[in-house]
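Asks: Pasting a predicted model and its sequence here:
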Amino acid sequence: MDNQLGTFLKAANAAACSWFNTYGGALENIGIAVSISDLPLSPQIGAGLLLANAAAQTNCNYDPSLNPGQSPVDGCIEVSGGYGILQTKFDGVDWRQTTIQGIQKFCSIDSISQEPRLFNGGWVFDITATGDLQGEPSGGCTRTVTTTIATGLSEALARTSEFRLSVVEGSCQRESDGTPDAPIVSPYTYTDPDNNCVLTVELLGYAEGPGGSIFQVTQMDPDVLRGSGGVIGGCNFDSTIVINQFGGGDGGSQPPTTFPNPDNPPSNPNPNEPWWVPYVAAALGGVVAGVTEDILSRFFARTYPGLIYRMVSVCEKNAAGEPISESVDVPIPQLTAPDAQLARLDAIVELLQAAKNFKQPVCPPDRPALLGDWVTVRFESIENSPQGTRPLRKLFRYRSQSALDLGQIATYWENFTWNAGPVCVQHKNASWGTPQCWADSVDEGKRVIRFAGLEAGIDPDAVGEWVISGSSDPRFGMPGTMHVAKVEGLDWVTSRQGPSGLPLLTVDP
């Protein structure tokens, strides 16, 4: 057995054990999708016995009583031409009317949980139903409600609950007799211990061969080697249909049968069967090579529609410096494989060249226009600098579009204090310039800038962006409690009218 088939077989057996242990007897409800036996045993002794034998041959646990697919609906599940009432049987004897909020006339039970769950100290079923409120036209089926039904019972009794619709008008269109539903089998992830290859194994169904032998049909897809960022050894394969046999006295060690799983599978003449059923039957009949050849021939005979690949520029400008959009088109006509694939590969060359011809998409963002008049606030620390005998001095500048005059702006800042420190907080890419301050924390720096924004008419959290930095230079980031400095008894708040105007002090000193 080659390495690839060995990996497939180990993955198939590991997945089978997991499914046998998880779903047990519920797997019987999947049934036998393919039978090539002249005297198929499944109708005579049941698929459950075949699966139990398969589990034993592969040394897996199998609980035939485990059946998570049991439906709690026993009776009408959909009403046609009228409506019904929802009934429950919680005691195993009497059917009683049950209501849910939002529906009084029921058209259908769309879904109901197969088992109760514990909710707020009681056992409930989750239900989705369609119908109408009282007074709305019967048969309208305009409301769909998802809610819970409380049983008021212990867990053991709640699991015996049954539901149905009792027809009031019209007739029952669809019934459920409470027989188990086929379980939805979750895919199994297998990691090969020899090469660390990771495979995803999906159960497609079961097949029966001569003498009651049973086969598992799965779809296997490779995954990358976790943590490596690449595909290795036994993982280097395309999506594959794998058929492995249980039993036969060999513990399920015979090499599996495989054939490719194309992206666009061929159609099945029988619309009620999955596409792979006739191919599995043919493969089990010993014509694997023919199956593979047929699938590939159908794949390559496929006609692919025409399309256009387009490369669009994002940085081009005309002579006036205005942005323009240029593009290069590569039309692909309608072709059959492999010509369709080759045409698409050839198109890549033209598109790559177009990408090189266009200006590369590293366009710097357009800076917003600066609006408003400059405001400069000079701060000094209440205490002396830690490294000197004089207070720290800080300058804070921004543009303001507020309607306040300079005296009012000075009053706004008059009693404001903040804590200087080693964190440089800036706000950029907005119309008020790039205000910054050295604060003792990010939050403190943002508080200063937000306070300025409230006066300037800017919300720094809604426009522009924050920039946080620092410095290893000990001259920067010294601590201190900062307040507005004064010059000749006046708050040192100045403004400049326009880029060339003279600075104006709060009050002419």
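Replies: Yep, that arrived.
Asks: show me where the stretch 351-500 of the chain has strands.
Replies: 373-384, 391-400, 417-428, 436-439, 465-469, 480-484, 486-487, 490-491, 493-496 (DSSP state E, counting those that start in this stretch).
Asks: Need these in TSV (columns: mean pLDDT and distance to residue 213).
Replies: Heads up, the C-betas are built off the backbone N, CA and C, glycines and all. Converted to TSV, the strands of the stretch 351-500 of the chain look like this (pLDDT from 0 to 100; distance: least, CB to CB, whole Å):
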stretch	mean pLDDT	distance to residue 213
strand 373-384	93	88
strand 391-400	93	83
strand 417-428	94	73
strand 436-439	94	77
strand 465-469	92	68
strand 480-484	94	86
strand 486-487	86	99
strand 490-491	86	96
strand 493-496	82	93
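Asks: most packed of those?
Replies: strand 436-439 (a mean of 23; mean count of other CB atoms under 10 Å).
Asks: Parallel or antiparallel, which strands does it pair with?
Replies: For strand 436-439, the pairing partners within the sheet under DSSP bridges are strand 417-428 (antiparallel).
Asks: Name the residues that touch the strand it pairs with?
Replies: Residues outside strand 417-428 that contact it (CB atoms under 8 Å, 6 or more residues apart in numbering) are 379, 381-382, 392, 394, 434-442, 444-449, 453, 460, 464-471, 476-483.
Asks: Let me know how buried residue 386 is, in neighbour terms.
Replies: As a burial measure, residue 386 scores 11 neighbours (other CB atoms under 10 Å).
Asks: who touches the closest residue in space to it that isn't next to it in sequence in this structure?
Replies: Spatial nearest neighbour of residue 386, chain neighbours left out: residue 478 (5.6 Å); criterion: CB to CB, 6 or more residues apart in numbering. Neighbour list for residue 478: 385, 386, 387, 392, 420, 421 [criterion: CB under 8 Å, 6+ apart].
Asks: Pick the one among those residues closest to residue 360.
Replies: Nearest to residue 360 among the contacts of residue 478 is residue 421, at 40.7 Å by CB to CB.
Asks: Count residues in the vicinity of the closest residue to that closest one other than its chain neighbours, would you?
Replies: Of all residues not flanking residue 421 in the chain, residue 440 sits nearest, at 2.9 Å (CB to CB, 6+ apart). For residue 440, the neighbour count with other CB under 10 Å is 17.
Asks: so what's residue 440 up against?
Replies: Per CB under 8 Å, 6+ apart, neighbours of residue 440: 419, 420, 421, 422, 423, 479.
Asks: Put together TSV for those, with distance to residue 271 on each row.
Replies: Converted to TSV, the contacts of residue 440 look like this (distance: CB to CB, whole Å):
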residue	distance to residue 271
419	75
420	77
421	74
422	73
423	69
479	79
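Asks: and which of those residues is nearest residue 73?
Replies: Of all the contacts of residue 440, residue 73 sits closest to residue 423, with 64.0 Å by CB to CB.
Asks: export the helix or strand in which residue 176 is found as CSV, just CAs?
Replies: Using DSSP states H and E, the element containing residue 176 is strand 162-177. The C-alpha atoms that make up strand 162-177 are tabulated as CSV, following Å, rounded to 0.1, in the frame of the first residue of the first chain:
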residue,chain,number,x,y,z
GLU,A,162,-44.4,14.4,21.5
PHE,A,163,-45.8,17.2,19.3
ARG,A,164,-48.3,17.5,16.4
LEU,A,165,-50.7,19.8,14.7
SER,A,166,-54.4,19.1,15.0
VAL,A,167,-56.2,20.2,11.8
VAL,A,168,-59.0,22.7,12.3
GLU,A,169,-59.5,23.9,8.7
GLY,A,170,-58.1,22.3,5.5
SER,A,171,-56.1,19.1,5.5
CYS,A,172,-52.8,17.7,6.7
GLN,A,173,-50.3,18.1,3.9
ARG,A,174,-47.3,16.4,5.6
GLU,A,175,-47.0,14.0,8.5
SER,A,176,-44.2,12.8,10.7
ASP,A,177,-44.5,9.4,12.3
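Asks: Could I get the buried residue list for that strand?
Replies: 162, 163, 164, 165, 167, 172, 176 (16 or more other CB atoms under 10 Å).
Asks: What average pLDDT does the helix or strand that comes right after that strand get?
Replies: For strand 162-177, the following helix or strand on the C-terminal side (DSSP H and E) is strand 188-191. Averaging pLDDT along strand 188-191 yields 92.
Asks: From the contact counts, what lies against strand 188-191?
Replies: Secondary-structure packing of strand 188-191 (3 or more CB pairs under 8 Å, 6 or more residues apart in numbering; DSSP states H and E): helix 3-23, strand 198-208.
Asks: Can you list the strands that it pairs with?
Replies: strand 198-208 (antiparallel).
Asks: so what secondary structure elements neighbour the next helix or strand after the strand it pairs with?
Replies: Once strand 198-208 ends, the next helix or strand along the chain (criterion: DSSP H and E) is strand 214-223. Strand 214-223 sits against helix 3-23, helix 47-57, strand 198-208, strand 240-246, helix 277-284, with contacts defined as 3+ CB pairs under 8 Å, 6+ apart.
Asks: quick one on the thing from earlier: for the residue nearest to residue 421, phi and psi?
Replies: Residue 440 adopts backbone torsions of phi -80, psi -10, taken as degrees, to the nearest 10.
Asks: for residue 114, same thing?
Replies: According to degrees, to the nearest 10, residue 114 has phi -70, psi -20.
Asks: picking up where we left off before, which one of the helices and strands packed on strand 214-223 lies closest to residue 87?
Replies: helix 3-23 (30.0 Å).
Asks: buried set for that closest one?
Replies: 4-20, 22-23.
Asks: what ranges of the stretch 151-300 of the chain fall below the confidence cut-off?
Replies: Within the stretch 151-300 of the chain, the ranges that satisfy pLDDT under 70 run 177-182, 211-212, 224-234, 247-253, 286-300.
Asks: follow-up on the earlier one: for residue 91, state which of the contacts of residue 440 is nearest.
Replies: Checking the contacts of residue 440 one by one against residue 91 (CB to CB), the nearest turns out to be residue 423, at 69.6 Å.
Asks: Pipe the helices and strands packed on strand 214-223 into a markdown table and attach distance to residue 91 per row.
Replies: Output for those, formatted as a markdown table (distance: least, CB to CB, whole Å):
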| stretch | distance to residue 91 |
| --- | --- |
| helix 3-23 | 30 |
| helix 47-57 | 30 |
| strand 198-208 | 38 |
| strand 240-246 | 43 |
| helix 277-284 | 44 |
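Asks: wait, which of these is closest to residue 158?
Replies: helix 3-23 (21.7 Å).
Asks: In three-state terms, label the closest residue to residue 17 other than its chain neighbours for me.
Replies: Closest residue to residue 17 apart from its sequence neighbours, by CB to CB, 6+ apart: residue 60 at 3.9 Å. Here residue 60 is recorded as coil under DSSP: H, G, I helix; E, B strand; the rest coil.
Asks: Give me the number of neighbouring residues for residue 60.
Replies: Applying other CB under 10 Å, we find 18 residues neighbouring residue 60.
Asks: Check the contact between it and residue 23; I expect there is one.
Replies: No. Using CB atoms under 8 Å, residue 60 makes no contact with residue 23, being 11.6 Å away.
Asks: Let me see the ranges of the helices in the stretch 201-350 of the chain.
Replies: Secondary structure of the stretch 201-350 of the chain (DSSP state H, counting those that start in this stretch): helices at 277-284, 288-300, 339-357.
Asks: Which segments of this protein make up each domain?
Replies: 3-65+186-295, 74-177, 304-357, 373-505 (automatic domain parsing).
Asks: Redo the ones you listed as TSV? Include distance to residue 366.
Replies: Listed next are these as TSV, based on distance: least, CB to CB, whole Å:
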stretch	distance to residue 366
domain 3-65+186-295	37
domain 74-177	49
domain 304-357	10
domain 373-505	10
